[in-house]
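Participant: The sequence and its predicted three-dimensional model are supplied below.
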Amino acid sequence: MPSGRTHDSITLWSLPLIAGLTFARTQSSSLTLCVSGSYLFSGLMFGPDLDVYSHQYKRWGLLRWIWLPYRQSMRHRSFWSHGFLAGTIVRVAYLLIWVGLFGAVGILTGAIIAQITGTTNDWSSLTQQWCSDSLVWIGRVPQQYPNEAIAIALGLELGAMSHAFADWALSTYRRTLKQRSPKSAVASRQSALPPVLSPLEGNATKPSPLTKRSLPSPPSPQTQREPQLPPFERKRE
């Protein structure tokens, strides 16, 4: 898997290409800004590597703890973290849950402070009113700005897919090298061995005179002698 610096380099070097293609396609500076900003955010802070202790996780600073349940529930490089569309949808939904919790706590705290300061007499009704107004506003934003919403979603997915594609490309390359290395090692060993020729072959090479001299000659039958026993001496009485 590529390192965090490699992923950051891929995101930063490909950002001008993404921005240029978006502007050439849409001729809109606002849509180009939405795609480029979301692509940069996804590549640096909102990518698939939030399921491990990575550079993207550490860039959340004091808020990194909100991703601990996500890390514990996700297997690294699974379909729900690195998959096409699925990874981005899961992360957006997970982040919206935390945004909703923070918003609810903020609304509740503001309503209680309003009652303490005398602005309202019923903090519960004020809390319900603020929550309903917030939900209505959240529902209106995509309807009022549909192109911008699509551009942000596209940028988030492109940033995630650039990360996943880099992981897939490097894993495929390493797997190919592992498959080729045993075959190349066997081929190199076979090429290093000298050819073994049978004496029955017609093109068998004859030893040179130098090799004949260097080889020890077998002893001739005449020079071979049997071991002699010691002479038998008669014991004198």
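Facilitator: Received it, and whenever you're ready, just let me know what you need.

Participant: Now do the strands in this structure.
Facilitator: If you assign secondary structure with DSSP state E, the chain ends up with no strands.

Participant: In it, where is pLDDT below threshold?
Facilitator: Along the chain, segments meeting pLDDT under 70 span 1-4, 181-237.

Participant: Would you map the helices across the chain?
Facilitator: 4-26, 29-44, 55-58, 68-73, 79-82, 86-116, 123-144, 146-192, 209-214 (DSSP state H).

Participant: Verify the contact between residue 48 and residue 164 for me.
Facilitator: Yes - in this structure, residue 48 is within contact of residue 164 by CB atoms under 8 Å, at 5.9 Å. Bear in mind the C-beta positions are built from the backbone N, C-alpha and C, glycine included.

Participant: what sits in contact with each of the two?
Facilitator: Counting by CB atoms under 8 Å, 6 or more residues apart in numbering, the residues touching both residue 48 and residue 164 are 82, 87.

Participant: Next, the buried residues of stretch 77-96.
Facilitator: Using 16 or more other CB atoms under 10 Å as the test for burial, stretch 77-96 gives 77, 80-83, 87-88, 90-91, 94.

Participant: Likewise for stretch 43-58?
Facilitator: Quick answer for stretch 43-58 (16+ other CB under 10 Å): 43-51, 54, 56-57.

Participant: sorry, back to before: pick the one among the buried residues of stretch 77-96 closest to residue 104.
Facilitator: Nearest to residue 104 among the buried residues of stretch 77-96: residue 94, at 16.2 Å, using CB to CB.

Participant: Report the spatially closest residue to the closest one, excluding sequence-adjacent ones.
Facilitator: Once flanking residues are discounted, residue 94 sits nearest to residue 70: 5.7 Å by CB to CB, 6 or more residues apart in numbering.

Participant: From residue 135, how far out is the one you found?
Facilitator: 24 Å (CB to CB, to the nearest Å).

Participant: repeat for residue 11
Facilitator: Taking CB to CB, one finds residue 11 at 34 Å from residue 135.

Participant: What is the burial count for residue 147?
Facilitator: Residue 147 has 12 neighbours, counted by other CB atoms under 10 Å.

Participant: what's the closest non-adjacent residue to it?
Facilitator: residue 31 (6.1 Å).

Participant: Then residue 154?
Facilitator: That would be residue 35: by CB to CB, 6+ apart, it lies 5.9 Å from residue 154.

Participant: Burial check on the one you found, number of neighbours?
Facilitator: Residue 35, neighbours per other CB under 10 Å, totals 28.

Participant: do the same with residue 130
Facilitator: For residue 130, the tally of surrounding residues (other CB under 10 Å) stands at 18.

Participant: thought it was touching residue 106?
Facilitator: No - using CB under 8 Å, residue 130 makes no contact with residue 106, being 9.2 Å away.

Participant: Check the separation of the first and last residues in stretch 58-72.
Facilitator: The straight-line separation of the ends of stretch 58-72 (CA to CA, to the nearest Å) is 16 Å.

Participant: how about stretch 19-36: buried residues?
Facilitator: In stretch 19-36, counting by 16+ other CB under 10 Å, buried: 19, 22-23, 31-36.

Participant: now it: how far from the chain's centre is it?
Facilitator: Here the centre of stretch 19-36 is set off from its chain's centre by 28 Å, with CA atoms, centre = their mean, to the nearest Å.
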